[in-house]
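K.L.:
Coordinates for the following, if possible.
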Amino acid sequence: MISNSSKNSKRTALKALAACALAAGVVGIPGIASAQTKLKWAHVYETSEPFHKYSVWAAEEIKKRTNGKYDIQVFPASTLGKEADINQGLTLGTVDIILSGASFAGRTYTPLAISYFPFIFRDAEHQLKYAKSDVFNELAKGYDDKSGNHITALSYYGARHVTSSAARPVSKPEDMKGLKIRVPDAPAYLAFPKALGANPTPIAFAEVYLALQNNTVDAQENPLPTIEAKKFFEVQKNISLTGHIVDSLLTICSGQLWAKLSADEKKIFTDVMQEAAEKTGREIIASEARLVEEFKKKGNNVITVDKNAFREAVLKATKPTDQGYRQQDYDRILAIK
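P.N.:
Now for the predicted structure:
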C-alpha cells in the first residue's frame, strides 16, 4: 500500500516537471521546443543577384544552427523601402537585418564611408583585405557606437564603372564635364562626379532604368553585375571601365536584435553572415571577369580608360578631408598590402 506522504511527493514531482516544461516553452531550454522569433532581413537587390541568394542562404543557415529559434524572412528589391529607408528602419524597429553600402551607413557615422573615396582601393583583393583589417574594425565600432546597430560582415559589391548614352561616351576625365549622371542618394558618391565637373543627380535605385530610358540623365555608374541584373545595358550604349569606386555592402543587425542575442547566438549570426559575404564576393568577382566580353557581344561599346588619368584629375580637385574623412584612415587603407 502506497503511503500518503509517497503520493504527495509524487504529486509534487509531477507539478515540478510540469512547471519545468512550461518554463522551457518560455525561455527555450535546449532540446525542448522554444518560441520562434521571426526576423525581417531587407535589401534593394534583385532576386537573381548573389546578394539575395546568400541572404536567403544565411537565413536558412541561422535557422538551422539555432535549432529553428530564428525564422528570418528576406525582403528583396526595395520591398521594405529604399536604401535610406531600410537604414532608418533599423532604428525604428521595422526591420532587423539589412544589406547596405557604407555610403548610406556613413550618414550616421561619416568616417565609415571613406571606402567610397575615389580610387582608394587598387582592386577587389585590396578591399577584401581591408574587410579583415584593424582600420575597418575600428571604423565599424565607431558606427556601432554612434548608431547602436552592429555591423557583422562586409561583402565585395564590385568595381563601379560609368555607363552613358550613345551621344556621351566617356573615355577621358574631360568627357565627364557637364555629364548629367545618376548617383545613389548618399553624399559619399558625389566626390567622383563633382571633382570631374559632372552634374550628379541622386535617383533611387529602383527608378534608375526609367530615368535612363527617358533621358532624365545621360549616365549612371554601377558594377558590371548590377548593370547586367538591372538591365542598364539596354538603355546605355557605352560602358567605360573607370573602376572609380571598389564598392562593398555591409550586413547590419539592429541594436534591438543584437541586444537580445546570447553570446553563442551572436557568434552564429556573425559566422554565418561572414560566410555569406565571402561567398557573395567570390561570385561577383567571377561574374565581373566574364561580363566585359558579354556586353561586347550584346553590342555595347566597352571603353578601356586610363584609370591613372582619372585618379590624378580627382585628387587635383578634392582630398579625403574635404569629404569629412580622416586622413590617417585614408593613409592606413592605402598602405594595406
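
K.L.:
which residue ranges form the strands in the stretch 201-337 of the chain?
P.N.:
Under the criterion DSSP state E, counting those that start in this stretch, the stretch 201-337 of the chain contains strands at 219-223, 238-253, 301-303.

K.L.:
Distance-wise, check residue 314 relative to residue 119.
P.N.:
7 Å (CB to CB, to the nearest Å). No exception for glycine: its C-beta is placed from N, CA and C like everyone else's.

K.L.:
what does residue 323 give?
P.N.:
Taking CB to CB, one finds residue 323 at 13 Å from residue 119.

K.L.:
And residue 209, by the same measure?
P.N.:
Taking CB to CB, one finds residue 209 at 28 Å from residue 119.

K.L.:
Just the pLDDT for residue 337.
P.N.:
Residue 337 is assigned a pLDDT of 95 by the prediction.

K.L.:
Leaving out sequence neighbours, find the closest residue to it.
P.N.:
residue 129 (7.8 Å; CB to CB, 6 or more residues apart in numbering).

K.L.:
I'd like to know how many residues surround that neighbour.
P.N.:
15 (other CB atoms under 10 Å).

K.L.:
I'd say it and residue 336 touch.
P.N.:
Yes - with contacts counted by CB atoms under 8 Å, residue 129 reaches residue 336, the gap being 5.2 Å.

K.L.:
returning to that earlier point: which one of residue 209 and residue 119 has more residues nearby?
P.N.:
Between residue 209 and residue 119, residue 119 has the larger neighbour count (other CB under 10 Å), namely 19 against 16.

K.L.:
And the nearest residue to the more buried one once chain neighbours are set aside, how far from residue 196?
P.N.:
Among residues not flanking residue 119 along the chain, residue 311 sits closest, at 4.3 Å (CB to CB, 6+ apart). According to CB to CB, residue 311 stands 11 Å off from residue 196.

K.L.:
between these two, who's got more neighbours?
P.N.:
Neighbour count, other CB under 10 Å: between residue 311 and residue 196, residue 196 has more, with 25 against 17.

K.L.:
Verify the stated contact: that one with residue 312.
P.N.:
No - counting by CB under 8 Å, residue 196 stays clear of residue 312, with 11.1 Å between them.
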